[in-house]
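J.: Got a predicted structure here, sequence first:
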Protein chains: 2
Amino acid sequence: MVTIADVARHAGVAASTVSYVLSGKRSISSDTRDRVQRSVRALGYRPNASARALASQRSNVLALVIPLRTGMHVPVMMQFAAAVVTTARRFDHDVLLLTADEGPDGLERVAQSSLVDALVVMDVELHDKRVPVLRELPMPSVLIGYPADADGLTCIDLDFVAAGAHCVDHLADLGHRSLALLGTPSAVYERQTGFAQRTLTGFAEAAERRGLLGVETPCEHTFDAILHTVEQLLHDHPGITGLVVQNEPIIGPLLDVLRRLGRRVPEDMSLMAICADDVAERQVPQLSSVTIPAERIGQQAVESLITKLEGADVPELTLLPPKLTARASTCEAPHRDLTTA
Amino acid sequence: MVTIADVARHAGVAASTVSYVLSGKRSISSDTRDRVQRSVRALGYRPNASARALASQRSNVLALVIPLRTGMHVPVMMQFAAAVVTTARRFDHDVLLLTADEGPDGLERVAQSSLVDALVVMDVELHDKRVPVLRELPMPSVLIGYPADADGLTCIDLDFVAAGAHCVDHLADLGHRSLALLGTPSAVYERQTGFAQRTLTGFAEAAERRGLLGVETPCEHTFDAILHTVEQLLHDHPGITGLVVQNEPIIGPLLDVLRRLGRRVPEDMSLMAICADDVAERQVPQLSSVTIPAERIGQQAVESLITKLEGADVPELTLLPPKLTARASTCEAPHRDLTTA
DNA sequence: CCTCCGAGTCGAAGCGCTTCGACTGTTGTA
DNA sequence: TACAACAGTCGAAGCGCTTCGACTCGGAGG
C-alpha cells in the first residue's frame, strides 16, 4: 500500500503538504498542487481510512439503523436505504448498516467506538428505547419517523396525519359518507409505531370534522385474514363505500377479495392507498394514492445529518407534505348511500 | 472518551497489558485480568475502532454490495442483507453498505483505503465488470451468484440449474407434457444475470430430457404485461398445463390473470414458483415452490469470508441444493392433454 | 530602509491502539 | 544446584494520517 510519505517523496514535498493539497485546508501554490496531484495519480494513492479517522476524529461513516421486523414493508425500507447511501456518497461519506435487533446497545457500540460520525435511525416508535440513548450519544443523529417526545432530536417524516386526512377529504369530496381505514398488522400498532398511529389519527380527525363514519381496523398479511377482515367490516358497516389502505403487501390480494365479494372498484367501492407510486400504478385499476416519498426522506435525513456534523442547526421536526394522486380506483359515491351505515 | 491509557492507569497496569487482556493474545494472570476487566467496566471503556484498525491492519468491517436495479426483487435482497449483517455480527464484524451503482470503482475505493477487510458482492452477472477488479483486490471476497469465469473466486449460490430442473420434473411426474417458464423481466436476461440464465438452462435441459415441450418467456412487472404475456403464451401453445414462474412480484397478479382467462389453478393449470416460502404460502391457492434460501446463502457467504480472512481455504463454488415443496397449486395433468401442443 | 503580513511550506507531535522484544520471577528438570 | 523454560508484565516503536506552530520569503506600508 502506498502511503502519504511515498507521495511526498515522489513529489519532493513534505507529507503535511500532501495532506494540505488533499484537504485544501491551507493554501498551496498551484505549482506544488499540480505536482502532488500528479504523484497521487501516478502512485495510485488512496488515503488510509483508519489513519485518517484516527488523526482527524472523523470516520466519514454514517450508521443506518434499519428495522427488519414483522409487518414492515420491505421495498419501502430499501428505498430509504438506497437514498441514504446515495446521498451519503454525495457528501463523501459511507454507510454502516445496523439492524434494529442490536437495539440501543448497537447504537452505543458504533458511536462510542467512533466507528461512525452520526446516525440515521429508521422506524422509530412512539416510545422507542433507542431515543434516550440517542440523546446521550456524543454525536448527531436523525430519526426517520418520530417519537412521542421529540425534544432535542432531529426527526424527519412524511406528515402521516395529513396523509390520513387527505384520503378522507378526497373521498368525502366525492360524496362518500362511510369510510374505513384498513391498516397495518396489529403488531405494528401494538409497537406504537408512529406512522401507523398518526395516519389513524389523521383519518379519525378528518372523518369527525367532515361528519363521516370512519372505522379503522388493522389487517394481517395473509389472504384469509384480509378476506375475513373485509367481510367483517362490510358486515358491521354495510354502508361503507370508501376504503383507505395503508398496508402495501395486502393491496393486490385486497383487490381480489373485493372482486370475490362482488364489490367493483371503483363503482361499488372507492379505494385509496398510502403507498409508493409504482405500487399504485401497477394495480388494476390503478390506485388513487398518497405517495410515500421514501427517496426524499432518506435524502433529507442525510442532508440534515451533514449539516449537523458541520455544526449548523437544523429544525427539530421536518414533516414532508403528502401528495395525493387521484387515479382510477376512486369515483363519486353511489347515490344509494342514504344508508349512512 | 476514555482510552486504553485511562483503563491502564485505573487498573495499575501497562496499556499493553490491557490490550492483551482484551485480545487474549498473551497469557495474563487471572488476578490482573479481573482487575482490568473491572476497570473497563467501571470506566465504560470502548476501544477506538480507528486506532485499532490502524494498529492491527484490520477494520473488522465487511463491505456488502447490493444491487438496487430494475427488475430485482427487493425482499429477497433484504433477506440476504439481513443474514449478512447478523452473521457478520456473530463474528464481531460490521457491515458497510455499498450500492452497485458505484460499480467497480466503489470496490476499489473501500478496499484500497482499508475501510473494509473483505467484500460480499451480490447479484453477480455472467460477465461482471466487477469480477476482474475483485481478483486484483488485496483482500478476500465472496460472490453471491457466480460469473461465467469463476476461477480464483469464491462463489455461493442456490443451484438454479437444479431448481429449474426440479420444477420440470415435478410437473412431468404429474403428467404434464407442455410447460412454460415465466421468467424475470427481459432486462435481467439482457444483463446476463446468472440466476435467471441458469434457471432457464435447467428448465430447458430437463424439458428436453423428459421429452416435453418447454417454452420460456420473460415477463415485465405490470399487470398488462403479465396479461399479455400469458395470453400470447396460451395462444401460441394452447396445450400448456404447467407454468413455472421465477418472478416474485408478478405472482399475485399472475393468479388474477389466470382467473380472468378462465384457467383454474391447479385444475386447468399447475403453477410452480421459485420464490421465498412465505410468499408461496401467502397465495391462494398456496403455491408449490422451490424456495430461495436467502438466509442460508447470506450466512454461508459471511462464514466463508471469515474463513478466508483467517487464512484458511474455502471451496471456489458452493451450490446450495434447491428444496421443492409441493403445495396446492400443482396437480395431475388433465387427461385431455393428448393435444401435446 | 525597516517592519509587518500573508502565502507557502516544513517538521514534529500526536490520534489510540497493537505488537515486539525484553525483563522478572517461578517452576520444572537434569 | 544450575539452568532452561515459561508465564506474566512492561516499555517503546510503530500504524498512516492531520494539524499546530514555526519558518522563509516576497511585497506592501510606513
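T.: That came through, no problem. Residues are numbered from 1 along each chain as shown, chains lettered A, B, ... in the order given.

J.: right, and A:Gln192 touches A:Val124 too?
T.: No. Between A:Gln192 and A:Val124 there is no contact, the gap being 10.2 Å when judged by C-beta atoms under 8 Å. The way it works is simple: take the backbone N, C-alpha and C, and place the C-beta from them, glycine included.

J.: Of those two, which one has the most company?
T.: The residue with more neighbours, out of A:Gln192 and A:Val124, is A:Val124; 26 against 14, by other C-beta atoms under 10 Å in any protein chain shown.

J.: Let me see the backbone angles for that one.
T.: Backbone dihedrals for A:Val124, given as degrees, to the nearest 10, come out at phi -80, psi 140.

J.: Chain A: helices as residue ranges?
T.: Applying DSSP state H to chain A gives helices spanning A:4-11, A:15-23, A:30-43, A:49-56, A:74-90, A:103-112, A:130-136, A:160-173, A:186-190, A:194-209, A:223-236, A:251-260, A:277-282, A:294-309.

J.: low-confidence ranges in chain A?
T.: Under the criterion pLDDT under 70, the flagged ranges of chain A are A:69-72, A:336-341.

J.: Arrange the helices of chain A in a markdown table, one row each, with mean neighbour count as further columns.
T.: What follows is the helices of chain A, written out as a markdown table (neighbours: other C-beta atoms under 10 Å in any protein chain shown):
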| stretch | mean neighbour count |
| --- | --- |
| helix A:4-11 | 18 |
| helix A:15-23 | 18 |
| helix A:30-43 | 15 |
| helix A:49-56 | 20 |
| helix A:74-90 | 21 |
| helix A:103-112 | 18 |
| helix A:130-136 | 18 |
| helix A:160-173 | 23 |
| helix A:186-190 | 16 |
| helix A:194-209 | 21 |
| helix A:223-236 | 16 |
| helix A:251-260 | 20 |
| helix A:277-282 | 18 |
| helix A:294-309 | 21 |
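
J.: In CSV: these, plus distance to B:Thr99.
T.: Formatted as CSV, those follow (distance: least, C-beta to C-beta, whole Å):
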stretch, distance to B:Thr99
helix A:4-11, 29
helix A:15-23, 25
helix A:30-43, 26
helix A:49-56, 19
helix A:74-90, 5
helix A:103-112, 20
helix A:130-136, 25
helix A:160-173, 27
helix A:186-190, 28
helix A:194-209, 25
helix A:223-236, 34
helix A:251-260, 27
helix A:277-282, 18
helix A:294-309, 12
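
J.: quick revisit: overlap in contacts of A:Gln192 and A:Val124?
T.: Shared between the contact lists of A:Gln192 and A:Val124 (criterion: C-beta atoms under 8 Å, 6 or more residues apart in numbering or on different chains) there are no residues.

J.: ok, back up a step: next, format the helices of chain A as TSV and append distance to chain B.
T.: Putting the helices of chain A into TSV (distance: least, C-beta to the nearest C-beta, whole Å) gives the following:
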stretch	distance to chain B
helix A:4-11	12
helix A:15-23	12
helix A:30-43	12
helix A:49-56	4
helix A:74-90	4
helix A:103-112	4
helix A:130-136	12
helix A:160-173	22
helix A:186-190	15
helix A:194-209	19
helix A:223-236	5
helix A:251-260	4
helix A:277-282	6
helix A:294-309	11
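
J.: hmm, who's touching stretch A:55-66?
T.: Under the criterion C-beta under 8 Å, 6+ apart, residues A:49, A:52-53, A:77, A:80-81, A:84-85, A:88, A:92-100, A:106-107, A:110-111, A:114-123, A:130, A:302, A:305, B:49-50, B:96-97, B:115 lie in contact with stretch A:55-66.
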